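# Would you be able to build a 3D model of this:
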Amino acid sequence: MTEAYEKALVKYHSTLRIVPMPLMCWDIFASYNQELNNYNAIQSKWQIQENFNAIVYQQKRDIIVTNANQEIVFATQGIYGMNGYHPSELIGKSPKIFQGELTSAESKNKIRTAINNQLPFKDIILNYKKDGVTYLCDIEAYLNLIKKEH
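Numbers count the residues shown, from 1 in each chain. Below is the predicted model of the structure:
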């Protein structure tokens, strides 16, 4: 009986114009919504609002958000594909976790100076994945986005 049912089901699905997906695929939407909600909660205190969907899904960029102490408070799920770290592993750490011996001292100084002066910066820096493999990372940073309370 089970084999006959499976054959009938396969025959039926082959006539459909849609491709059925297992229910477990819906977790994509749950993780997206959670990621979006976390990001929106953080950026609600910013002077300038960013379009998360446009950055992450249309421009295919990943986001890391740090606090004033340069501790990571948010990272997109795509970070794992970039460097092997799960976002949860990065929370509370400094972005320096990605730097290593071959990371340019000039780039590190440029970034440090921009952060100390609360200036935006853009640079391409040699970073390290969790497994030690190097990769070039295009960094674009915005600073001083927190609303000043009167």
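# so where do the helices sit in the protein?
Using DSSP state H, the helices of the chain run over residues 2-14, 27-43, 52-53, 79-83, 87-90, 105-116.
# and of these, who's closest to residue 138?
Nearest to residue 138, of all these, is helix 79-83, at 10.8 Å by Cβ to Cβ. C-beta here means a position set from N, CA and C on the backbone, and glycine is covered the same way.
# so who does the most centrally placed residue in the chain touch?
Residue closest to the average C-alpha location in the chain (Cα atoms, centre = their mean): residue 76, at 2.2 Å. Neighbouring residues of residue 76 by Cβ atoms under 8 Å, 6 or more residues apart in numbering: 35, 39, 56, 62-64, 87.
# Show the pLDDT at it.
As predicted, residue 76 sits at a pLDDT of 87.
# got it, and the one 3 residues further on?
In the prediction, the pLDDT value recorded for residue 79 is 89.
# for residue 143, same thing?
For residue 143, pLDDT reads 66.
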